[in-house]
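In: any chance you could fold what I've pasted below:
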Amino acid sequence: MKEKLKNRKKEISIIFIIAIILIFFFSGFSMGKGYSKNDINGVAEIAKPIIQVENGSSLEINNENDEGIYEFKVKNYNEQEQTTEVDMEYYIEILNDLENLGIEIKLLKNDEEIEIKENKTDKFVLTKEGMQQDNYKLEIKYNNNTDMEDIVEQLQIKVHSEQKQEVL
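Out: Numbering: from 1, shown residues only. Model prediction:
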């Protein structure tokens, strides 16, 4: 009888220990495998970039008129006076094959001369803070004795723009 009671106590002790081990095992398992799902909904509009190029009147250079000034403007607002919602960077590219034909060009921004490297200017910034307008003058001068009727090339001015990258 003592032996049966001793065996019974051992069995209960073993069952109790196994039950505690299982409780610790399953409680750690269930707590470690939590799952959460969060839905984030946002309503946002894309910022409107605005850059307007206002062209001047066309310019004709010939044997009688060997100099000319072409004026144009680059603005950060449109006709309704809405300004850009983001800062914009732009540069000007002047496409020509006229240098070897004796035609010189000089670009002025707000009456200050701008350096042109490989037919491109440095980048300029139009900010979103208020209306901004950059005034340009392209001075063109013909310095050659070649007959102007032989020149059928055209001068092209392109304004390339992109949203300014913000440094974080």
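
In: which SSE is immediately downstream of the lowest-mean-pLDDT helix or strand in the chain?
Out: Every helix and strand in the chain was compared by mean pLDDT, DSSP states H and E; the lowest is helix 2-32, with a mean of 78. Per DSSP states H and E, helix 2-32 leads on to strand 52-54 as the next helix or strand towards the C-terminus.

In: buried sites along the helix or strand just after that following strand?
Out: Using DSSP H and E, the helix or strand that follows strand 52-54 in sequence is strand 67-75. Within strand 67-75, the residues that count as buried by 16 or more other C-beta atoms under 10 Å are 70, 72, 74, 75. All C-beta spots, glycine's among them, are computed from the backbone N, C-alpha and C.

In: adding pLDDT as columns, could you present those residues in TSV?
Out: Converted to TSV, the buried residues of strand 67-75 look like this (pLDDT from 0 to 100):
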residue	pLDDT
70	88
72	93
74	94
75	94
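
In: touching, residue 49 and residue 128? I think so.
Out: No - counting by C-beta atoms under 8 Å, residue 49 stays clear of residue 128, with 9.3 Å between them.

In: joint contacts of these two?
Out: 84, 85, 86 (C-beta atoms under 8 Å, 6 or more residues apart in numbering).

In: relative to residue 40, which of the buried residues of strand 67-75 is nearest.
Out: When the buried residues of strand 67-75 are compared for distance to residue 40 (C-beta to C-beta), residue 75 comes out closest, at 37.5 Å.

In: is that closest one bridged to anything, and to what?
Out: Listed by DSSP bridges, the beta-bridge partners for residue 75 are residue 52, residue 133.

In: so who does it touch?
Out: Neighbour list for residue 75: 51, 52, 53, 54, 126, 131, 132, 133, 134 [criterion: C-beta under 8 Å, 6+ apart].

In: circling back: now, of the shared contacts of residue 49 and residue 128, which are buried?
Out: 84, 86.

In: check contacts around the residue in the chain sticking out farthest from the centre.
Out: Taking C-alpha atoms, centre = their mean, the residue of the chain most remote from its mean C-alpha position is residue 1, at 89.7 Å. By C-beta under 8 Å, 6+ apart, no residues touch residue 1.

In: quick one: pLDDT of it?
Out: Predicted confidence (pLDDT) for residue 1: 70.

In: now it: how far from residue 11?
Out: With distances taken as C-beta to C-beta, to the nearest Å, residue 1 is found 15 Å from residue 11.

In: check residue 138 too.
Out: For residue 138, the distance to residue 11 - C-beta to C-beta - is 102 Å.

In: one more: residue 161?
Out: Residue 161 is 84 Å from residue 11, by C-beta to C-beta.
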